[in-house]
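In: Quick one: sequence and predicted model below, then my questions.
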Amino acid sequence: MKRMLINATQKEELRVALVDGQRLYDLDIEIIGHAQKKSNIYKGKIIRIEPSLEAVFVDYGAERHGFLPIKEIAREYFLSSSCAQNKSNIKDILREGQELIVQINKEERGNKGAALTTFISLAGSYLVLMPNNPKSGGISRRIEGNDRIELKTTLATLALPEGMSLIIRTAGVGKSVAELEWDLTSRLQHWKNIKNTASIRLAPFLIHQDSNVIVRAFRDYLRPDIGEILIDNPDILNVAKEHITSLGRPDFVKKIKLYNGEIPLFSHYQIESQIESAFQHEVRLPSGGSIVIDATEALTAIDINSARSTKGLDIEDTAFNTNLEATDEIARQLRLRDIGGLVVIDFIDMTSNSHQREIENTLRTVVRQDRARIQVGRISKFGLLELSRQRLRPSLDESSHHVCPRCSGTGSIRDNASLSLSILRLIEEEALKDNTCEVHAIVPVAIASYLLNEKRKAISDIEQRQKGVRAIIVPHEQMKTPNYEVRRIRKGETNNNQPSYALATYHNNNSTLSSENTIIQNYDFDVEQKKLLKKKQNTLSLTKLYQENILFSLNNFKLRLKKNIFKIIKLINFYLLFKQLIRKHIYTMQTWIKTIHKCNIKNKIYISSFNKKKNLQYNKHPKKLLYQYSANFNNKQSVNNKKKINSNIDYKNKKNNFNNHNSTQLRYKKQPYSSIYFSKFIKSDMNHSLDNFSIMNIKKNTHQMKKKFKRKENSI
């Protein structure tokens, strides 16, 4: 006979177990402080819109904001229906600060906030009302055959308002139309109350809280095949009778009984050990095999081991029988632990395809009695089977476990030798830094023994290489591996009054000071130690903290001032010198510009006057002018050669000489003592003067250049 057992003897924990004979097949535990938030209804406010995620974040009163994707937002909240149909940007459909009614679809897990939806579902005894989701509705997938056909006819007769939908639960099988209408009326009134409450107050706040574990158990598990309901607490017994009476199910009131046995209720039906198996890492199978369940961030891995199982004629038969036995236990553990999400099962290798298909079909059969939706895949060539289970509430592991402070949830820790070598390298790394006086390593006793004995020479070598730096190993009695702490002490920060064995307590008391010189690796106090540390920090006087902070800052300022004072003096001297050089070079540049300007003017005047003289002389004495210009512009050899020319020159020779005279005139205009050459000369001289930083040389060269130019001008 199937029974519902309710254990409420301990106020911190309320347990509901469903047993078939003495075999536990479902379990629900509610721990005080870990109340279920799934299906709670809130009035929230949009805080941030993320177009890249096509979702919004909603503040509904919790610490973390809820995640609401656009596909879970009802059209009644859209700013314009035309934008929704055109699939516009989410910012055009919604706005920040907009208020809406949301329901928790998935609870918070780890660092992830809760998943929300605006499609509200109100579960009753026989029906589930969805007041703003007209597209959903129907009959529970567990209902089959003639019952399903009859409920479809009954569902068509119910007066359902427009824009709403219904789902008939398995508890509605065999109920009359009047009973279903009564449940529907209560759900509609409940939705009306929710809307009225939401219109009165501003977001965020809780509108409706889902029922406790007792009411939830009657709503979800109360079926005709339940023969007896046993409760070991009189107060809970009265609450259960009142609730069942209000549901209009008097047939179950007679089944509720108070358990007064001397043996605890769960021990009497021998299910306490079965409940403990839900908290274990490895679950034993009757044949001698076992299954190992490991929960990770991405999925839950289940491994099947044959162990001592010899049930079979050969290896193939043994593997098949062990896998078949494990299949039923895996389905039960998924319900007991309420494992949700992706599950990967590693079966023992089977070569027969028929055996693999039989295992798959058996698994699909045993998971049908699960309330959660489950999708089962097929066994791959690697022997792995994947399935997905709906997450109804936080798993047993999440609600009743916490992360191990020693291994941080990994399940293993580093050994002493490896951890000691890592700390030794860290000590040397801190000792290499400038201005380091001491390096304090606060470590567990086992690590301190290893460093001070096996690695004593290595520590001594570090102190010899880094002269003036001391490495101090401080054992901490309450610290456990792999936790440790390494602190770098600068010059001027040492406290010689503290003995080495008291440094651990000293650093803990002063942990509120600057942590710039501290490297902490995997250092976690226990809960009681953290409370004591907070009390010490609160009792520490503010004046003492201020004095220590001021002294620390003054010492740092003195050290930095000593280092940088000489640099500051050099910078000031360089600035003054540079200022003087800039002034001198500005005056020099002004002088260069005036000189270039004067030379350009003189060159232009001379060329214009020379052209006038040339034209007059050529008209009067062309033959003399030819020899005269040749003497002035050519070298001595060319002049001697031109004197030997006969004086009887014909007209053609005169014409050629006249052309030569014109070319001479052009050559004169390109003489090296023009303004162009003069500017080049000044540039070269300027470079020379800048290299030597000599103003007198620049003036001297400029004066000499002027003299050269005057000589050339007079010679011409």
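Out: On my side now, so go ahead.
In: Next, give phi and psi for the residue nearest to residue 261 when sequence neighbours are not counted.
Out: For residue 261, ignoring the flanking residues on the chain, the nearest one in space by CB to CB, 6 or more residues apart in numbering is residue 268 at 5.7 Å. For glycine as for every other residue, the C-beta is placed from the backbone atoms N, C-alpha and C. In terms of degrees, to the nearest 10, the main-chain angles of residue 268 are phi -60, psi -40.
In: Quick check: the gap between residue 268 and residue 153.
Out: Distance of residue 268 to residue 153, computed by CB to CB, to the nearest Å: 45 Å.
In: Looking at those two, which is more packed in?
Out: Neighbours per residue (other CB atoms under 10 Å) separate residue 268 from residue 153, with residue 268 holding more: 16 against 9.
In: Check the more buried one and give its pLDDT.
Out: pLDDT recorded at residue 268 is 90.
In: now the one 4 residues further on
Out: Residue 272 carries a pLDDT score of 90 in this model.
In: correct me, but the residue nearest to residue 261 touches residue 232?
Out: No. Residue 268 is beyond contact range of residue 232, at 9.7 Å (criterion: CB atoms under 8 Å).
In: okay, and the common contacts of the two?
Out: Common contacts of residue 268 and residue 232 (CB atoms under 8 Å, 6 or more residues apart in numbering): residue 259.
In: domain parsing for the protein?
Out: 1-36+210-276, 280-398, 416-494 (the TED database).
In: contacting residues around residue 482?
Out: Here residue 482 is in contact with 406, 413, 414, 419, 522 (criterion: CB under 8 Å, 6+ apart).
In: would you say residue 488 is within a strand?
Out: Yes. Residue 488: assigned to a strand according to DSSP: H, G, I helix; E, B strand; the rest coil.
In: Determine the number of other residues adjacent to it.
Out: Neighbours around residue 488, by other CB under 10 Å: 22.
In: same check, this time on residue 272
Out: By other CB under 10 Å, neighbour count at residue 272 equals 15.
In: how about the residue lying closest to it once chain neighbours are set aside, secondary structure?
Out: Spatial nearest neighbour of residue 272, excluding adjacent residues (CB to CB, 6+ apart): residue 266 at 4.7 Å. Recorded secondary structure, residue 266: helix (three-state DSSP).
In: OK, contacts around residue 266?
Out: 5, 7, 15, 17, 272, 275.
In: picking up where we left off before, neighbour-wise, give me the winner out of the contacts of residue 482.
Out: Counting neighbours by other CB under 10 Å, residue 419 comes out on top of the contacts of residue 482 with 22 neighbours.
In: Please, which helix or strand holds the residue lying closest to that residue once chain neighbours are set aside?
Out: Excluding the flanking residues, the one nearest residue 419 by CB to CB, 6+ apart is residue 482, at 5.5 Å. If you go by DSSP states H and E, residue 482 is not part of any helix or strand.
In: Quick check: residue 482 vs residue 474, distance?
Out: 17 Å.
In: cool, residue 241 as well?
Out: Note on residue 241: its distance to residue 474, by CB to CB, is 64 Å.
In: which residue ranges form the helices in the stretch 51-200 of the chain?
Out: Taking DSSP state H, counting those that start in this stretch, the helices of the stretch 51-200 of the chain run over residues 81-85, 90-93, 146-157, 177-200.
In: now the strands: where do they sit in the stretch 301-450 of the chain?
Out: 341-346, 374-376, 384-389, 436-444 (DSSP state E, counting those that start in this stretch).
In: Need the contacts of residue 482 in JSON lines (columns: distance to residue 386).
Out: What follows is the contacts of residue 482, written out as JSON lines (distance: CB to CB, whole Å):
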{"residue": "406", "distance to residue 386": "33"}
{"residue": "413", "distance to residue 386": "32"}
{"residue": "414", "distance to residue 386": "33"}
{"residue": "419", "distance to residue 386": "38"}
{"residue": "522", "distance to residue 386": "35"}
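In: Farthest pair within these?
Out: 406 and 419 (12.5 Å; CB to CB).
In: Now list whatever residues contact both of the two.
Out: 481, 482.
In: Checking the closest residue to residue 255 other than its chain neighbours next. Helix, strand or coil?
Out: Spatial nearest neighbour of residue 255, excluding adjacent residues (CB to CB, 6+ apart): residue 229 at 5.1 Å. With three-state DSSP as the basis, residue 229 sits in strand.
In: Highest mean neighbour count out of the strands of the stretch 301-450 of the chain?
Out: Of all those, strand 436-444 has the most neighbours on average by mean count of other CB atoms under 10 Å, namely a mean of 22.
In: packing partners for that one?
Out: Counting contacts by 3 or more CB pairs under 8 Å, 6 or more residues apart in numbering; DSSP states H and E, strand 436-444 is packed against helix 416-431, strand 470-476, strand 484-490, helix 503-509.
In: Let me know whether residue 237 touches residue 231 as I believe.
Out: Yes. Residue 237 is in contact with residue 231 according to CB under 8 Å; the separation is 4.7 Å.
In: Between these two, tell me which one has more neighbours.
Out: Between residue 237 and residue 231, counting by other CB under 10 Å, residue 231 is the more crowded of the two (24 against 19).
In: Between residue 241 and residue 474, which is the more surrounded one?
Out: residue 474 (20 against 15).
In: Tabulate the CA atom coordinates of stretch 282-291 in CSV.
Out: The C-alpha trace of stretch 282-291 is given here as CSV (Å, rounded to 0.1, in the frame of the first residue of the first chain):
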residue,chain,number,x,y,z
GLU,A,282,28.0,6.7,-4.1
VAL,A,283,24.9,4.6,-4.0
ARG,A,284,25.1,0.8,-3.6
LEU,A,285,23.1,-1.6,-5.8
PRO,A,286,21.6,-4.9,-4.5
SER,A,287,23.8,-7.0,-6.9
GLY,A,288,27.0,-5.4,-5.6
GLY,A,289,27.5,-2.7,-8.2
SER,A,290,27.2,1.0,-7.5
ILE,A,291,26.4,4.3,-9.1
